[in-house]
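Engineer: Return atomic coordinates for the entry below.
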Amino acid sequence: MFRFLRKRRFWLELAIWMALLVGVYYVTQWRGSSSALAVPTQLPPISVRSLSGQVLALPRPPQQMMLINFWSPDCPPCLAETPALVQLQQWFGGNRFSVVGIAVDGSSTAAVRARMREFGINYPIYLASGQGASEAVGGVLLTPTSLLVNDRGRIIGRYVGAVAVPVVVWKIIWTWI
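Structural biologist: Coordinates of the predicted model:
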């Protein structure tokens, strides 16, 4: 009799843990809401400024997979994820993949350059050119926010908060297969 209760309890606990795991993944990696309808599925034109002040447009379609990271040089979660983005660029950067950083409005060039030196950022960093950059992608309400865009310009991942590197690596590899 007690064996039966123990087995039943095991399966019940397993079901609860699995539901919690799925729930945590759902809440942290997919932020579905009614406002998600305004989020584009294709990368729209994004106008940015280089650190030297030149206005540029990100290529559409990008010709390579990109992880576009909207960040701020004074945002603790942004700074916490920066080493992971540097590592992603080291692992996958080249002709098929690139990390691109866009510092949100209010970020000074001096602060961005200081963070680039501090963290050894090895990917291009731009400044948002007005509200257009963040609004074009459906609005960036929190930093960091990252978009994973395939080589045809389709947004295949949107991550609000620090990126989960295993999830991004999985998506990159799965797309390349």
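
Engineer: all helices of this structure, in order?
Structural biologist: Counting by DSSP state H, the segments of the chain that form helices are 2-29, 76-92, 109-119, 132-136, 165-176.

Engineer: which other helices and strands contact the last one?
Structural biologist: Packing contacts for helix 165-176, counted by 3 or more CB pairs under 8 Å, 6 or more residues apart in numbering; DSSP states H and E, involve strand 65-71, helix 76-92, strand 145-149, strand 155-160. In this view, the C-beta of every residue, glycine as well, is placed from N, C-alpha and C.

Engineer: between the ones you listed, which gets the lowest average pLDDT?
Structural biologist: Mean pLDDT is lowest for strand 155-160 among those, at a mean of 90.

Engineer: dump the residue contacts of Ile172.
Structural biologist: 65, 92, 97, 148 (CB atoms under 8 Å, 6 or more residues apart in numbering).

Engineer: any chance of those in CSV, plus distance to Gly157 and neighbour count?
Structural biologist: Converted to CSV, the contacts of Ile172 look like this (distance: CB to CB, whole Å; neighbours: other CB atoms under 10 Å):
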residue, distance to Gly157, neighbour count
Met65, 10, 19
Phe92, 14, 18
Phe97, 13, 19
Leu148, 3, 22
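
Engineer: Out of the helices and strands packed on helix 165-176, which gets nearest to Gly53?
Structural biologist: Evaluated over these, closeness to Gly53 peaks at strand 65-71, with 19.4 Å, by CB to CB.

Engineer: which other residues reach that closest one?
Structural biologist: Under the contact criterion CB under 8 Å, 6+ apart, strand 65-71 has outside partners 43, 46, 58, 78, 81-82, 85, 88, 96-104, 128, 133-134, 137, 140, 143-151, 163, 168, 172, 175-176.

Engineer: Tell me how far it lies from the chain's centre.
Structural biologist: Mean-position distance between strand 65-71 and its chain equals 6 Å (CA atoms, centre = their mean, to the nearest Å).
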